[in-house]
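Novice: Just a sequence and a predicted model for now, questions to come.
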Amino acid sequence: MSIRAVVWDVDDTLFDYTTADRVGMEQHLRAEGLLERYGTAERALALWREVTDVQWERFAAGGLTFEGQRRERVRVFLDAPLDDDAADAWFHRYVAYYEDAWSLFPDVLPVLDALADSHRHAVLSNSSLRNQDRKLRLLGVRDRFESVLCAADLGVSKPAAGAFHAACDALRLPVHEVAYVGDQPEIDAVGAAAAGLFAVWLDRGVWTREVPDGLCRISSLTELPPLLHGDTRFGAPSTFG
């Protein structure tokens, strides 16, 4: 059975979130006079990412709202009992620097162009629709996707099968005719495969933790069109590792 549609993750798949987050947070901390508090920019950024991961897991598990996880990230990072307004204000000052650094990865537009006539496209993200729809519009690619689904609005997040099934339902396609592409091996690839989709892990070379065996792996989106056209569920042997 051929693959008729691709559902995409956004952050660190289409959009270079890691670079934007790093550049934005370093500039924000300099402007706030806080960089020296953490010793080095690298230590500050490492702590910010650690705090982000922990609070995001709480959000994904239903323990926090999308706005709540942002506020908790600020409180834990600053080690300060800020009220909601103060936490929101601090986060929004960071966002201004973060958004200035937004960009697509260079392989995104060529691959979307290459697949435009052969495959339908949608987005499934563990963020909020308000956040990701705006991001995709500012990056100039929102019109490439038939639908954009996000965990904060669905009420279910990856790697739960319900999130992937919702994306397939939006496309009105059975799961075996849909591929999912994302940068997180367990949340994206393992979750999508367990839900019955053709799962592709995009490994851009930054993942340092151990990953499950047997994932269909590509190191650049330029490898995706031949994988999808060459069919389908098995791909080229070299893509597995």
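Specialist: Received, thanks.

Novice: Please identify the buried residues of stretch 47-60?
Specialist: Within stretch 47-60, the residues scored as buried using 16 or more other Cβ atoms under 10 Å are 48, 51, 52, 55, 56, 59, 60. Placement of C-beta: from N, CA and C, glycine included.

Novice: per the record, what domains does this structure have?
Specialist: Domain assignment of the chain by automatic domain parsing yields the ranges 5-16+104-239, 17-100.

Novice: right, so those domains: which one is the most enclosed?
Specialist: Burial of the domains of the chain is given as mean neighbour count (mean count of other Cβ atoms under 10 Å); domain 5-16+104-239 ranks first at a mean of 18.

Novice: who does the helix of greatest length in the chain touch, helix- and strand-wise?
Specialist: In the chain, with assignment by DSSP state H, the single longest helix is helix 41-60. For helix 41-60, the elements it packs on are helix 17-32, helix 66-78, judged by 3 or more Cβ pairs under 8 Å, 6 or more residues apart in numbering; DSSP states H and E.

Novice: would you list the ones you listed in CSV and tack on mean pLDDT?
Specialist: Below are the helices and strands packed on helix 41-60 laid out as CSV (pLDDT from 0 to 100):
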stretch, mean pLDDT
helix 17-32, 93
helix 66-78, 95
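
Novice: ok, back up a step: and the least confident of the buried residues of stretch 47-60?
Specialist: Lowest in pLDDT among these is residue 60, which has 78.

Novice: Can you get me the start-to-end distance on stretch 184-191?
Specialist: 10 Å (Cα to Cα, to the nearest Å).
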